[in-house]
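In: got a predicted model here, sequence first, then my questions.
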Amino acid sequence: MKSALPLFSGVLAAALLAGCSADGGDDGAEPETSEQPAAAAESTEPTIRTEAALAEFTAPSGYSQSSEEGVSFALEYDHVGASYQLENGTAYEQIFVTSYLLPEDADTASFDGRAAFVAEYDAVTGNETSSSGTRAIASGYPAVFRYLKVDYDGESAQQRNFFVFDGNAMTQITCQWKDPELEDAITKGCQEVQENLNLPA
């Protein structure tokens, strides 16, 4: 199921959000990292899911749900999602949560395996950065952080994405904005989503 959000959607979220840490971003931010939790997460036995289910999370305050679909540039895997638009923002200021069902044999235990799915998102969005994303932790789950800019018919928006993994389940949290004055509001909303994130069992 390919998401079909309005053409005007956009995101630049924060590189370091409470409940989720990364070890750097393409935009020069230097958030903290936590290698020990990552090692613990990677050592657990993976759970195999058979259908896509939306991760559990706290809906951000000050936002209105704009769609029952996720990010506009969704990957070609079974997925479900939800989108939330900042109430005092434009259609570019949104938070997207997209949960995917990956193949049962997907390599999500290693960073390289996880980064391969981020590379697929780069291909879909036309992101040409040479980086493969950076290690992150989201609510105790291993994750990959990716910053990029996206183009909507000549209008540029910015995104910070967190790809969060557990077995063959992946949830992509996309925090997007265009107006720099609304960055703090996007950051706060993204923090609320990530603080209590639980991937589907």
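Out: Happy to help now that I have it.

In: direction included, what does the host helix or strand of V150 pair up with?
Out: Assigned by DSSP states H and E, V150 falls within strand 141-152. For strand 141-152, the pairing partners within the sheet under DSSP bridges are strand 134-138 (antiparallel), strand 155-166 (antiparallel).

In: quick one: buried residues of the last one?
Out: In this case it means strand 155-166. Along strand 155-166, the positions that meet the burial threshold by neighbour count (16 or more other Cβ atoms under 10 Å) are A157, Q158, Q159, R160, N161, F162, F163, V164, F165, D166. (Glycine included, C-beta is placed from N, CA and C.)

In: list the beta-bridge partners for the fifth one.
Out: With DSSP bridges as the criterion, the beta-bridge partners of N161 are R146, T174.

In: I'd say it and A143 touch.
Out: No: under the criterion of Cβ atoms under 8 Å, N161 lies out of contact with A143, with a separation of 9.6 Å.

In: middle-most residue in this protein, spatially?
Out: Centroid-nearest residue in the chain, with Cα atoms, centre = their mean: I173, separated by 2.5 Å.

In: residues contacting it?
Out: Contact criterion Cβ atoms under 8 Å, 6 or more residues apart in numbering gives A13, I95, F96, V97, A138, N161, F162, V164, C190, V193, Q194, L197 as the residues in contact with I173.

In: swap in P60?
Out: Neighbour list for P60: Y84, I95, K188, G189, C190, E192, V193 [criterion: Cβ under 8 Å, 6+ apart].

In: at 6 Å what do you get?
Out: Taking Cβ atoms under 6 Å, 6 or more residues apart in numbering as the criterion, P60 is in contact with Y84, I95, G189, E192, V193.

In: against M170, how distant is the second one?
Out: The reference is to I95. From I95 over to M170 the distance is 17 Å, taken as Cβ to Cβ, to the nearest Å.

In: next: the first one.
Out: Per Cβ to Cβ, Y84 is found 19 Å from M170.

In: more neighbours, these two?
Out: Residue environment comparison for Y84 versus M170 gives the larger neighbour count to M170, 28 against 22, counting by other Cβ atoms under 10 Å.

In: following the helix or strand containing that one, which helix or strand comes up?
Out: For M170, the element it lies in under DSSP H and E is strand 169-177. On the C-terminal side of strand 169-177, the nearest following helix or strand under DSSP H and E is helix 183-195.
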